[in-house]
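Peer 1: When you get a sec, could you give me coordinates for this:
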Amino acid sequence: MSDIHEQLTKYLTDAHSIEEQALAQMRTAPKLAGDPQLAQAYERHLVETEGHEQTTRRLLEEREAKPSRLKDAVMALGGKGFLLFARLQPDTPGKLHAHALSYEGLEVSSYELLRRVAERAEEEDVANAARQIAAEEHEMMERLESTFDLAVDASLRALQPEDLREQLRKYLADAHAIEEQAIQLLERGPKLAGDPTLANIYSEHLEETRDHAELVQERLHALGGDSSSLKDAALRLGALNWGAFFQGHPDTPGKLAAFAHAFEYLEVGGYEQLRRVAERAADGETVETVDRILGQERAAAGRIAGAFEEAVTASLESVGVAAG
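Peer 2: As a prediction, the model looks like this:
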């Protein structure tokens, strides 16, 4: 591959497949939301997502290209698979909410990368479309950020807990499992980053993430619980599979940056809900711990987003395209 316009077409097919997965999720999400306001937010974004799918399809057709049936099918299946996972969780509304926030983070980062490639290719129609879609995805993130209380209330209603402390232990175990997954991913990050700035970001956040795992486990022990070895093992396996996915893509630096940015928001979504459960359980020490971790997760997301230019350059160079 040596032509930036051909590479831009590949990025557009990736964007279309991401929208196919988003559609699979948004069509079912209102039924699982557990709250009418949350359901309305998903329904509103479904309309936006349908427009995004049509836009990416049109952009491909204008360059005499088509969406990838294989990528679309795989991504749509992945969306349905997550919904099944969320449906089987006792706190479905919260799991759905955190994942939705993370997925919006993935879409924002993907369109930010797409825009930068389009600008370097001097294709303003693609750049403008990517800019507009990224703005709408970011607005959905803001809607989700403003409704964490609703998601927690809906989850606790579904659980009808007699013991909030027991629920708090479960939320802490989930947080520990996610940190274990983050460690596995970040350990591979510097080798796959393709850029020293990104490699440093992943290395620095790896140290923070190990600290987070210890802090969460300390709170879990203080409350008489322990991390779930089954949850940790399952999520670690998922991290290993994602590592293979990144290595199988020639433009790994961009894919990794987009995914790492999204993963930070999966953690943000989980910790925002954990903090609210801790508040309801009157556990001030856990609230203080979570606030500290949240600040670092949001800062890491910001640092990754701030290095998207480097990610684009590294991705283009990895497939033999002049970075521009």
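Peer 1: What residues sit buried inside stretch 214-223?
Peer 2: 215-217, 219-220, 223 (16 or more other Cβ atoms under 10 Å). The C-beta positions use only the backbone N, C-alpha and C, and glycine is treated the same way.
Peer 1: again, but for stretch 195-204
Peer 2: Buried residues in stretch 195-204, counted by 16+ other Cβ under 10 Å: 195, 198-199, 201-202.
Peer 1: List the contacts of that stretch.
Peer 2: 186, 189-190, 193, 253, 256-257, 260, 300, 303-304, 307, 310-311, 313-314 (Cβ atoms under 8 Å, 6 or more residues apart in numbering).
Peer 1: same thing but 7 Å
Peer 2: Stretch 195-204 is contacted from outside by 186, 189-190, 193, 253, 257, 303-304, 307, 310-311, 314, using Cβ atoms under 7 Å, 6 or more residues apart in numbering.
Peer 1: Secondary structure, distance to Ser318 and pLDDT for the buried residues of stretch 195-204 - can I get that in TSV?
Peer 2: As requested, the buried residues of stretch 195-204 are exported to TSV (DSSP: H, G, I helix; E, B strand; the rest coil; distance: Cβ to Cβ, whole Å; pLDDT from 0 to 100):
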residue	secondary structure	distance to Ser318	pLDDT
Asp195	coil	10	96
Leu198	helix	12	98
Ala199	helix	14	98
Ile201	helix	18	98
Tyr202	helix	16	98
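Peer 1: ok, Ser102 - contacts?
Peer 2: Applying Cβ under 7 Å, 6+ apart, the residues near Ser102 are 262-263, 265-266, 269.
Peer 1: To clarify, my last question referred to Ser318.
Peer 2: 194, 250-253.
Peer 1: Can you flag which of those belong to helices?
Peer 2: Under the assignment DSSP state H, the contacts of Ser318 contribute 252-253 to helices.
Peer 1: Need the buried ones from the contacts of Ser318 selected in PyMOL.
Peer 2: Buried residues among the contacts of Ser318 (16+ other Cβ under 10 Å), as a PyMOL selection:
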select buried, resi 194+251+252+253
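Peer 1: In JSON lines, list the contacts of Ser318 along with distance to Asp174 and pLDDT.
Peer 2: Shown next, in JSON lines, are these (distance: Cβ to Cβ, whole Å; pLDDT from 0 to 100):
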{"residue": "Gly194", "distance to Asp174": "32", "pLDDT": "94"}
{"residue": "Pro250", "distance to Asp174": "34", "pLDDT": "67"}
{"residue": "Asp251", "distance to Asp174": "32", "pLDDT": "79"}
{"residue": "Thr252", "distance to Asp174": "29", "pLDDT": "87"}
{"residue": "Pro253", "distance to Asp174": "30", "pLDDT": "93"}
